[in-house]
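A.B. asks: Sequence isn't available, so here's the structure alone:
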């Protein structure tokens, strides 16, 4: 049985898709058959992040329209043999939670992890889709607006009975922790009200790699953080690579 993980955020700009890419990449490198389903319709980016822009022959839009079966529209990522992506269509397309559930149900025997890259924002569409996941990863940055939106989104998940939530704090640097934005990472955890699973440092090496579609350098601090989170998803005890104090 595959584990379905929904990655979501209260607003755009948190680096949600980068989190999906980092987790998918490290899970695959650890030997897990992994699929990322991208739902940010009209804002497709996973193909660029993985250097696959010219290799995507079919996408989720073809599946929803009935032109392709799910596995026919899935593309294997060249830099990680265990990683596959099902890209969002480049144009806006209507999708229902039931369709995503059916897609996951039809292919779950082929993958150990299915990561759903949801569209950003607090709306019923996102909530309906995320409800089907085994685990919800709420992504926030140290920005106060992101923290508040993540808290509102998490509260709604709890109200709907979604207790399996974990928090990822992204784009963390010494410039914003203890100085410009928040005094301490614990302040973010307390405001969002979700147990922390990982902290991703603001890493220029990661930004360049995903921007150019290159493999993430092994000395990337962000890659180390994603590797640790991926192991925690599998039940391993791994200490934080970025300390909260």
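C.D. replies: Cool, got the structure. Fair warning: this is a prediction, and the values are worked out from it, not measured in the lab.
A.B. asks: going forward, measure contacts between C-alpha atoms and count neighbours the same way
C.D. replies: Will do.
A.B. asks: worst-scoring helix or strand of this structure, pLDDT-wise?
C.D. replies: Least confident element among the helices and strands of the chain, by mean pLDDT, DSSP states H and E: helix 124-130 (a mean of 71).
A.B. asks: how about the strands in this structure?
C.D. replies: Using DSSP state E, the strands found in the chain span residues 3-8, 34-38, 75-76, 83-86, 113-117, 135-140, 165-172, 196-201.
A.B. asks: Give the rounded mean pLDDT of the first one.
C.D. replies: The average pLDDT within strand 3-8 is 93.
A.B. asks: list the helices and strands that strand packs on?
C.D. replies: The elements that strand 3-8 packs onto, with contact taken as 3 or more C-alpha pairs under 8 Å, 6 or more residues apart in numbering; DSSP states H and E, are helix 16-29, strand 113-117, strand 135-140.
A.B. asks: Contacts only, for the closest residue to residue 40 other than its chain neighbours.
C.D. replies: In this structure, residue 40 finds its nearest non-sequential neighbour in residue 119, 4.5 Å apart by C-alpha to C-alpha, 6 or more residues apart in numbering. Shown in contact with residue 119 (C-alpha atoms under 8 Å, 6 or more residues apart in numbering): 8, 39, 40, 41, 126.
A.B. asks: mind listing what the third one touches?
C.D. replies: In other words, residue 40. Residue 40 makes contacts with 88, 117, 118, 119, 120, as judged by C-alpha under 8 Å, 6+ apart.
A.B. asks: From residue 40, how far out is the third one?
C.D. replies: To residue 40, residue 118 is 6 Å away according to C-alpha to C-alpha, to the nearest Å.
A.B. asks: now swap in the first one and tell me
C.D. replies: Here the criterion is C-alpha to C-alpha. By it, residue 88 lies 6 Å from residue 40.
A.B. asks: ranges for the helices of the protein?
C.D. replies: Assigned by DSSP state H, the helices in the chain fall at 16-29, 46-49, 60-64, 70-73, 97-107, 124-130, 144-159, 185-192, 204-212, 221-233.
A.B. asks: so how far is the first one off the chain centroid?
C.D. replies: In terms of C-alpha atoms, centre = their mean, to the nearest Å, the centre of helix 16-29 is set 7 Å apart from its chain centre.
A.B. asks: now the second one
C.D. replies: Centroid displacement of helix 46-49 relative to its chain, using C-alpha atoms, centre = their mean, is 13 Å.
A.B. asks: what helices or strands is it leaning on?
C.D. replies: Applying 3+ C-alpha pairs under 8 Å, 6+ apart, one finds that helix 46-49 makes contact with helix 16-29, helix 204-212.
A.B. asks: Just the buried residues of that helix, please?
C.D. replies: 46, 47, 49 (16 or more other C-alpha atoms under 10 Å).
A.B. asks: about what we covered before: right, so the helices and strands packed on helix 46-49: which one is the most enclosed?
C.D. replies: When those are scored by mean count of other C-alpha atoms under 10 Å, the highest mean neighbour count falls to helix 16-29 (a mean of 24).
A.B. asks: okay, the angle between that one and helix 221-233?
C.D. replies: Per axes from the mean of the first three to the mean of the last three C-alpha atoms, to 10 degrees, the angle that helix 16-29 makes with helix 221-233 is 70 degrees.
A.B. asks: what sits up against helix 16-29?
C.D. replies: So helix 16-29 is contacted by 7-9, 33-36, 45-46, 49, 80-83, 115-117, 139, 210, 223, 226-227, 229-231 (C-alpha under 8 Å, 6+ apart).
A.B. asks: Now do that helix against strand 196-201, angle only.
C.D. replies: Helix 16-29 runs at 100 degrees relative to strand 196-201, counting by the same axes, to 10 degrees.
A.B. asks: mean confidence score for stretch 202-209?
C.D. replies: Averaging pLDDT along stretch 202-209 gives 92.
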